[in-house]
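>>> could you look at this predicted model? Sequence included:
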Protein chains: 2
Amino acid sequence: MKIDGREYRALWQEGQTIKFIDQRKLPYFFEIFTASTVDDVAYAIKEMVVRGAPAIGAAAAYGMALGQKNPETSADLLRSTRPTAHDLFYAIDYMTQAIDYRQNVFDAAATYAETIITHCKKIGENGEKVIKDSMRILTHCNAGALATIDYGTALAPLRIAHQKQKKIFVYADETRPRLQGLLTAWELYHEGIPHVLITDNAAGYFMRKKDIDLVIVGADRIAKNGDFANKIGTYEKAVVAKENHIPFYVAAPVSTFDPKLRDGSQIIIEERGRQEITEICGKTIMPEWVSVKNPAFDVTPKKYVTGFITEEGICKK
Amino acid sequence: MKIDGREYRALWQEGQTIKFIDQRKLPYFFEIFTASTVDDVAYAIKEMVVRGAPAIGAAAAYGMALGQKNPETSADLLRSTRPTAHDLFYAIDYMTQAIDYRQNVFDAAATYAETIITHCKKIGENGEKVIKDSMRILTHCNAGALATIDYGTALAPLRIAHQKQKKIFVYADETRPRLQGLLTAWELYHEGIPHVLITDNAAGYFMRKKDIDLVIVGADRIAKNGDFANKIGTYEKAVVAKENHIPFYVAAPVSTFDPKLRDGSQIIIEERGRQEITEICGKTIMPEWVSVKNPAFDVTPKKYVTGFITEEGICKK
């Protein structure tokens, strides 16, 4: 991704250290966090210096490389950081095997990271084909380079379309409660892609006004039948898009498809803490007596999806 | 409305002064603002001590009473406070006539306010009939007593149902950007009506999960054909409610129907300032470079409306 005209990734190796764009400071300050030990990497994952399942996986892979002298302790430590992150466990297992087979561990971690980036770039190239010149595209949450090391999933087709000089305009939902839309706006701003941030409530207004031609979102998990889980609010956007005959695409690597899940009803939705709603930027915005419910994801049934954009192509079935 | 067990109104006369619940301080602090002159009332309207078209109208009526010695100057001053508020102009004309006819001006203002309250109570009694025991009801924004002196429009049926000991549970959308859902939560909290505040993104999730049986919202303006304008996000909720076969009611006094508007396409939507999105509680939550669009209302077509609840009954046509 471009930041101030220079190419960056969400994280990268530099000598015997791993550098991270410190996502806790975004979009206010652009700062680099340096990890010299596996403990530093564990801290970075736990404290959300890095976020997004693919980027967390890559961070864990590099963490295992830094902690290669004590692989079991390193694995235990990294596993404890975000106990529900599937990519994290996968990366740790992958690296444990590399260590067992006496591969160069930094090379193995780099391969792990490069595979993610290659998939995202391919998602971008495949997805770019559904973007016509002058299209106005809505996205929800941040399925960008920050979450996937580079390119992103939902944002990859937009990046490639922009590189190919297609004229596009992006509507980014702010995505309450955590306002990840600000990260999307930050990426688009630095990439020079024309865009605007809107409240989640306004997406339907712009769809009905025919100001939006296409919706692209990411996915956290996709069931066998095509139902998928993504950030809370995705379901509403999908229903309103269908009502307004606007194509609705889901961009995700093949690894997001979970054949063990028959349909969306088997996806368990995490309810998260009240602070996500009652605090913004560390400031309390709601009184103590306010009672809230905070489901973090929702499930969108397959019938609202025009197609899935993966590294292998576009799947409309 | 009940607050800490005592009956209150959004504003009321006390001797030669007008008292207001200071809505700028809500839901954090409950404070009373006292207006002794028409200038004080103009300040209260302009600075949003009082908000909601019906309550603003009543404030203006009392303002004219306080400024009765210079009716023209008072009218000009009050008109300048919120230049697009229809109820404000109507109340000023009503009071100018009362002054011309040498009526007791405080009595005239009280009559104006009482009429609003009577209509809202009747909306509550009519709307209560669609609320069955154990229903879970979604509402958007604050169409409550704070906006209408007492009872509210969308909240009136909930109040009456609760008074009649029906067991109800309310989901209140937080309603970004201005978070008026907090005012709804504050009213429900003090009324002892079980409820929870959710992000606007989560409403669809709860609808699909069959946790919501009914939606009731207010309206700012209703066209001849039944299309209506209300707070941004109302349209999305209406579409998702229909998709999930959930009845969707609009509660508003007959005066909200505007026979001069053929349909919703004739309603002009106000785009408001960026600060409403980029600041919360006076704190900046987004960097300077973030560009935003902030439509304040949207139009929901008639086909999504199950019925209009007015003081005259429920209209399903």
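Alright, I've got the coordinates. Numbers count the residues shown, from 1 in each chain, chains lettered A, B, ... in the order given.
>>> next, the buried residues of stretch A:204-214.
Across stretch A:204-214, burial judged by 16 or more other C-beta atoms under 10 Å in any protein chain shown covers A:G204, A:Y205, A:F206, A:M207, A:R208, A:I212, A:D213, A:L214. For glycine as for every other residue, the C-beta is placed from the backbone atoms N, C-alpha and C.
>>> does the last one really touch A:N244, like I thought?
So that's A:L214. No: A:L214 is beyond contact range of A:N244, at 11.4 Å (criterion: C-beta atoms under 8 Å).
>>> how about the strands in the stretch 101-250 of chain A?
Using DSSP state E, counting those that start in this stretch, the strands found in the stretch 101-250 of chain A span residues A:136-139, A:169-173, A:195-198, A:214-217, A:221-223, A:228-231, A:248-251.
>>> follow-up on the earlier one: can I get the buried residues of stretch A:204-214 in JSON lines with pLDDT and distance to chain B?
Output for the buried residues of stretch A:204-214, formatted as JSON lines (pLDDT from 0 to 100; distance: C-beta to the nearest C-beta, whole Å):
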{"residue": "A:G204", "pLDDT": "98", "distance to chain B": "4"}
{"residue": "A:Y205", "pLDDT": "98", "distance to chain B": "4"}
{"residue": "A:F206", "pLDDT": "98", "distance to chain B": "8"}
{"residue": "A:M207", "pLDDT": "98", "distance to chain B": "9"}
{"residue": "A:R208", "pLDDT": "98", "distance to chain B": "6"}
{"residue": "A:I212", "pLDDT": "98", "distance to chain B": "12"}
{"residue": "A:D213", "pLDDT": "98", "distance to chain B": "16"}
{"residue": "A:L214", "pLDDT": "98", "distance to chain B": "18"}
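>>> state the phi and psi torsions of A:L11.
Phi and psi for A:L11, reported as degrees, to the nearest 10, are phi -160, psi 160.
>>> repeat that for A:F33.
Phi and psi for A:F33, reported as degrees, to the nearest 10, are phi -100, psi 130.
>>> gap between it and chain B?
20 Å (C-beta to the nearest C-beta, to the nearest Å).
>>> can you name the two of the buried residues of stretch A:204-214 that sit furthest apart?
Longest distance between any two of the buried residues of stretch A:204-214 is 16.7 Å, between A:Y205 and A:L214; criterion C-beta to C-beta.
>>> for stretch A:196-205, C-alpha coordinates in PDB please.
Below are the C-alpha coordinates for stretch A:196-205, written out as PDB (Å, rounded to 0.1, in the frame of the first residue of the first chain):
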ATOM      1  CA  VAL A 196     -16.000   9.800   1.300                       C
ATOM      2  CA  LEU A 197     -16.800   8.500   4.700                       C
ATOM      3  CA  ILE A 198     -20.500   8.100   5.700                       C
ATOM      4  CA  THR A 199     -22.400   7.000   8.700                       C
ATOM      5  CA  ASP A 200     -23.700   3.500   8.500                       C
ATOM      6  CA  ASN A 201     -27.200   4.900   8.500                       C
ATOM      7  CA  ALA A 202     -26.600   6.800   5.300                       C
ATOM      8  CA  ALA A 203     -25.600   3.800   3.000                       C
ATOM      9  CA  GLY A 204     -29.300   3.000   2.200                       C
ATOM     10  CA  TYR A 205     -29.900   6.700   1.400                       C
END
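>>> in the one helix or strand A:I92 maps to, what counts as buried?
Counting by DSSP states H and E, the element that carries A:I92 is helix A:86-100. Across helix A:86-100, burial judged by 16+ other C-beta under 10 Å covers A:D87, A:L88, A:F89, A:Y90, A:A91, A:I92, A:Y94, A:M95, A:A98, A:I99.
>>> chain B: which of those is nearest?
A:D87 (23.9 Å; C-beta to the nearest C-beta).
>>> is stretch A:247-261 anywhere near chain B?
No: using C-beta under 8 Å from any C-beta of the partner chain, stretch A:247-261 never reaches chain B; the gap is at least 13.7 Å.
>>> same question for that stretch, mean pLDDT?
Taken as a whole, stretch A:247-261 carries a mean pLDDT of 94.
>>> how distant is that stretch from the center of its chain?
Distance of stretch A:247-261 from the chain centroid (C-alpha atoms, centre = their mean, to the nearest Å) equals 13 Å.
>>> equivalent analysis for stretch A:252-271, please.
That offset, for stretch A:252-271, works out to 16 Å (C-alpha atoms, centre = their mean).
>>> for chain A, which spans come out with low pLDDT?
A:84, A:317 (pLDDT under 70).
>>> could you give the angle of the longest helix along chain A to helix A:86-100?
Using DSSP state H to assign secondary structure, the helix with the most residues in chain A is helix A:105-128. Helix A:105-128 runs at 140 degrees relative to helix A:86-100, counting by axes from the mean of the first three to the mean of the last three C-alpha atoms, to 10 degrees.
>>> so how far is helix A:105-128 off the chain centroid?
14 Å.
>>> can you spell out which helices and strands pack onto it?
If you count contacts as 3 or more C-beta pairs under 8 Å, 6 or more residues apart in numbering or on different chains; DSSP states H and E, helix A:105-128 packs onto strand A:11-14, helix A:53-66, helix A:86-100, helix A:145-148, helix A:155-163, strand A:248-251, strand A:307-310, strand A:313-315.
>>> just the ones in helices from the buried residues of stretch A:204-214, please.
Using DSSP H, these in helices are A:G204, A:Y205, A:F206, A:M207, A:R208.
>>> what are the bridge partners for the residue lying closest to the second one once chain neighbours are set aside, then?
Think A:Y205. Closest residue to A:Y205 apart from its sequence neighbours, by C-beta to C-beta, 6 or more residues apart in numbering or on different chains: B:D298 at 4.2 Å. Beta-bridge pairing for B:D298 (DSSP bridges): B:N230.
>>> hang on, the earlier thing: angle of the longest helix of chain A against helix A:53-66?
Using the same axes, to 10 degrees: helix A:105-128 against helix A:53-66 is 170 degrees.
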